[in-house]
Each structure stands twice: as C-alpha cells, then as structure tokens.
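Novice: pasted the sequence and its predicted model underneath.
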There are 2 protein chains.
Amino acid sequence: MPGIEKLAINQITTDAQWSLREAVEGYAGAGVHGINVWRHKLDEIGAAEAARILSDHDMSVTGLCRGGSFPAADGAGRKAAINDNLRAIDDAAAIGAACLVLVAGGLPPGSKDLADAHKQVRDGIAAILPHARDVGLPIAIEPLHPMICADRGCVNTLAHANDLCDELGDGLGVAVDVYHVWWDPALEAEIARAGKRILAFHVCDWLVPTKDLVFDRGMMGDGVIDIPRIRGWVEAAGYDGFNEVEIFSRDDWWKRNPDEVVKTCIERHEEFV
Amino acid sequence: MPGIEKLAINQITTDAQWSLREAVEGYAGAGVHGINVWRHKLDEIGAAEAARILSDHDMSVTGLCRGGSFPAADGAGRKAAINDNLRAIDDAAAIGAACLVLVAGGLPPGSKDLADAHKQVRDGIAAILPHARDVGLPIAIEPLHPMICADRGCVNTLAHANDLCDELGDGLGVAVDVYHVWWDPALEAEIARAGKRILAFHVCDWLVPTKDLVFDRGMMGDGVIDIPRIRGWVEAAGYDGFNEVEIFSRDDWWKRNPDEVVKTCIERHEEFV
C-alpha cells in the first residue's frame, strides 16, 4: 500500500482536459507532487515558464515524454529526428526532469525491414547520448507493447532495452510500464537484470476486452495486471522512485472531470499499486 | 515465389461463408490441396464424414484448430479442458491432421496470476501428451500475440513455446504464425532453435492501423510483415511443409465472396509469401 508521496501522474492521463499549468495545479492541489510532462503541453508555454510553475508547486518531474521515433525513410528524416531529440534533452534538463522517456519509433512508411528499424533506433540513441551525458540528463528507453511495434515503437521487450543499455553504456536506462511488459515471461528476470538502470515505473491496467490498440488503457484495479507483484520486482531491483500513473483513454478517462480522474488515481494507487 | 502446391488455407479464412464441405470443394476447385480444419465446422458433420470429404478431394490436412485453453478457475474446469483436448486429439487423428494446433488459453476469470496460468498450461499439455503420443498425433503449440495474452493465450513468444517443448519432450512442437511473432527481436534465433519442431507455418499480414485485437488481420501484401524473410528462416530450420493462410477478418475478408478470397490467397501467396 504505497502512500501518496510515491504517486506521480503522467500528464497524458489528463491530456484532453488540462494544460500543463492546470495539471500542475490540479495534481498539487490534490496532494500529488510527481508529474511526467509531455512536450506538446510544454511547447504551449515554453520550458522557462514551465519550470517556474513546476517549482512553485513543489513538483518532482519524473520525466519528459517523449524522445525517440528515430526510424525514417531517408537521411534527412533521421537527421530531423536526432535534432528533435537534442531539443527534447535540453527541455528535459530545463524543467529538471529525472529522465527523457524515449520510445523507439516504428517502421518508416513503406518499410517492412524491422532489422533496419532496430539498427536506426540503436544509431539514433548513440547519436544523442553524448549530449545527454553532457547535460547530465538520463535517457529512459521504454519498451512498448508489441501490438504497437509497426507504428510507434519497435523496442518491445525489456530484454531488447537492456541489450541497448549494455551496448551503448552510461547515461541510458529503462522505463518499465506495466501495460507494455506485463505479459512477458522473462519480465522478472529482465527487471532484475535492469537493476539500477530502472529510471521510471509506469502503472495503469490491461482491460479485458481491450477495444483499441493505443487509447483504451484502464485505471489500476479495472484490469488483469498484478501490479504489486511487478512493483515488488522493480523495488527489489533497487528502484525507489515514483509510481507514475499513465493512462491513454479516449473514450473513458479523457472524458471525465479531471479532478475526479486525479482522485481516482490517488485511491487506486493506494489500493492496487 | 512458392507455388500453389505449397499453399494451404486455414478454414477460419472463410469461416463466415463456408461449411467444411464447401471449403474443401472451394479450395480444391481452385487448386489448393492443403487445409487446416476448425473444430466447430468439423462438429457439424462429424470426423468420419469429414475424413471422407477430405480424402475425396485429395486434401492434406495441415492441422486441426484448436486444442489448449487449459487455465480454469477450478479443478472441474481444468479437467473439462483436458477431456476436451483428448477428444480433439482423437478428431485430429481421425481426419489425418498433421498436428493439433494448441493455443494456451488466458487468465481464468478473476485471476491476475499469470505465473499460475503458465503453470496450468504446462500441466495441461503434460496431461494430454501421453494420449497424443499413443495415437501418433503431434501437438503444435502456437505462441499468440501478446495483445491477446489475457483472454486467449498466455504463451506469447516462440522462446516460451520452445521452453515447453524442451521440458515436456517428444510429441510436442510449435506452430509459427507470422502475425503473432513477427515483432520479436529473438524470432530468428528461436526459429533456428525450434528446428524440426516446427509443425506448421501460418501467414497473413499486420495492418497499419490495426483496428481490432483479434479480427483485423490482413491479407499477405497489405501489411508490414516481411513474410519471405521469416519463411526463409523457417525453411532454413528444416521446415518443408505448407504455407498456411490464416486470416481472421470480421469487417473485410469474411464479408467477401469466398471464391474471391481463395483466388486472392493464391495470388498473394505467390507474390508475398
């Protein structure tokens, strides 16, 4: 039964309802002092203003979402992705984020070459890592569920993310989101392998049935994931950061009153995380 | 460019349109002489009648779909699943099927205990394997896509299926369906590991976007899977059986004229498999 001091809310959870300022005020007003910020919200006000708002409300910034999306059809596209990631690193550092959350990106349009996409992801991370190290901003590779491999992210197991960390070295870690990895029979072993590399721990729930591959995540307690068991593995590996609620829910939670969403996050975090 | 003699069609591809007799006549009439039979169609006429129809049309039976679905909430449910699988083995043998295709089954209602579901699957296979050996009917574990772990099958990687084969021994193999495993970075290695254990090779395609977790599979060539690459790995591992088209498609292929579906399978098999 983790306390509210361990709870962070990923801003996407109230994406449809709140700006960054409103989210910070809403979360902090309810006693939640961890937030993961999204770039499209940050861009509305800029990093300097965002940093002030976050600081004024004593918010810990668990991460900035998202870097990555490296694979592209040509060199210009790959270069643009790298430049975008360098900007994301600077923004993350400017708001004091604990990490930049990185999703790999999928197959470039028209491509069926998954091995090449894997290589482009590896090369993209290698290209941005020196700058991340320079500014002291850790990069957290978040393995995504295999069902969104083609269009969103082709790193789909914690094993793959750990392999990239092994290969590319310091400054790189992982974000473990129960939604993406709960099904993996190698999960316990790969969490132990990740150890202190775990930079973020995201929670929500897997609904049965799931009606959309992206926008139908459930609130903790409404699905089938044994979250406390996975949290136990993560903590045994040495992670002692926030439990961050991240819910994409186009037809349910994004349509609710955001204060109700936050209240539910607090209650369910205590009972089901 | 495989020839039509390598093409089999899984009966679910024309599930909405054709009975078993109609499917056999439709496939054979188009020059396709491999079929994977589904139990709900077989049960409409019985194994003896089905065997006559299949034999009369010179059909190779690549498999019977499906066994498995072992996890249950109580002992009575587990026992019923095992008995159902024993009947499936007998039916598969009666129609001369090359294997019984086995899907694991998901979490029992109300359960979040994935490790226990894994154990129930292992125990269920162990319980039916002696009978399968007695009648000389191989069992093919088909790893399913992780997105249907909770409700349909909790064996979601070829590595897990190979592990079960290692543990449980003779009479057990795997079915490799590109739709379920194409995203896996360990796929090439696990196909090589499976080797002669590969009892079936299923093809279709992954659509972008995919609109349903179960019923939105694509025809070969309409999606992003590099099927020839995976076929190359499977054949390098020693598989020389049929390429079996298996498409669940509620809003597209199941609504079309079945003769058109078969014709398209033939054309796309030649071009994209």
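Specialist: In hand now; what should we look at?

Novice: so which residues of the stretch 1-150 of chain A form helices?
Specialist: Ranges of helices in the stretch 1-150 of chain A, per DSSP state H, counting those that start in this stretch, are A:20-29, A:39-45, A:47-56, A:75-94, A:114-135.

Novice: got a markdown table for these, with distance to chain B, mean neighbour count and mean pLDDT too?
Specialist: Backbone N, C-alpha and C define where each C-beta goes, glycine included. Formatted as a markdown table, the helices of the stretch 1-150 of chain A follow (distance: least, CB to the nearest CB, whole Å; neighbours: other CB atoms under 10 Å in any protein chain shown; pLDDT from 0 to 100):
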| stretch | distance to chain B | mean neighbour count | mean pLDDT |
| --- | --- | --- | --- |
| helix A:20-29 | 28 | 19 | 98 |
| helix A:39-45 | 21 | 16 | 98 |
| helix A:47-56 | 32 | 16 | 98 |
| helix A:75-94 | 17 | 17 | 98 |
| helix A:114-135 | 7 | 18 | 98 |
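
Novice: now these in TSV, with distance to B:I225?
Specialist: Converted to TSV, those look like this (distance: least, CB to CB, whole Å):
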stretch	distance to B:I225
helix A:20-29	39
helix A:39-45	31
helix A:47-56	41
helix A:75-94	22
helix A:114-135	9
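
Novice: for A:L100, list the residues it contacts.
Specialist: A:63-64, A:66-67, A:85, A:88-89, A:92, A:132, A:137-140 (CB atoms under 8 Å, 6 or more residues apart in numbering or on different chains).

Novice: please read the previous query as pertaining to A:P108.
Specialist: A:P71, A:A72, A:A73, A:G77, A:A117.

Novice: is it true that the second one touches A:N83?
Specialist: I take that to be A:A72. No. Between A:A72 and A:N83 there is no contact under CB atoms under 8 Å: 11.8 Å.

Novice: how about the residues of chain A by chain B?
Specialist: Neighbours of chain B within chain A, by CB under 8 Å from any CB of the partner chain: A:107, A:111-114, A:118, A:145-147, A:149-151, A:154, A:156-157, A:159-160, A:182-186, A:206, A:208-210, A:213, A:223-226.

Novice: report the buried members of these.
Specialist: Neighbour-count burial (16 or more other CB atoms under 10 Å in any protein chain shown) applied to those gives A:107, A:111-114, A:118, A:145-147, A:149-151, A:154, A:156-157, A:159-160, A:182-186, A:206, A:208, A:210, A:213, A:223-226.

Novice: any regions of chain A where pLDDT drops low?
Specialist: Scanning chain A for pLDDT under 70 picks out no residues.

Novice: let's see that with 90 instead.
Specialist: For chain A, applying pLDDT under 90 flags the ranges A:1.

Novice: mind listing what A:A8 touches?
Specialist: Here A:A8 is in contact with A:V32, A:H33, A:G34, A:I35, A:N36, A:S60, A:T62, A:F242, A:N243, A:E244, A:V245 (CB under 8 Å, 6+ apart).

Novice: tell me what the last one is bridged to.
Specialist: With beta bridges defined as DSSP bridges, A:V245 has these partners: A:I9, A:V203.

Novice: same question, the fifth one
Specialist: Taking DSSP bridges, one finds A:N10, A:G63 as the beta-bridge partners of A:N36.

Novice: so it is in contact with A:T13, correct?
Specialist: No. Contact criterion CB under 8 Å: A:N36 and A:T13 do not qualify, at 9.1 Å.

Novice: joint contacts of the two?
Specialist: With CB under 8 Å, 6+ apart, A:N36 and A:T13 have common neighbours A:E246.

Novice: can you tell me which residues contact the most centrally placed residue in chain A?
Specialist: The centroid of chain A falls nearest to A:V101 when counting by CA atoms, centre = their mean (5.0 Å). Residues in contact with A:V101 (CB under 8 Å, 6+ apart) are A:N36, A:G63, A:L64, A:C65, A:R66, A:G67, A:A140, A:E142, A:A175, A:A200.

Novice: state the distance from it to chain B.
Specialist: 20 Å (CB to the nearest CB, to the nearest Å).

Novice: specify the beta-bridge partners of that residue.
Specialist: A:C65, A:A140.

Novice: got the contacts of A:A8 as a markdown table, with neighbour count columns?
Specialist: Shown next, in a markdown table, are the contacts of A:A8 (neighbours: other CB atoms under 10 Å in any protein chain shown):
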| residue | neighbour count |
| --- | --- |
| A:V32 | 24 |
| A:H33 | 18 |
| A:G34 | 23 |
| A:I35 | 27 |
| A:N36 | 28 |
| A:S60 | 17 |
| A:T62 | 28 |
| A:F242 | 26 |
| A:N243 | 24 |
| A:E244 | 26 |
| A:V245 | 29 |
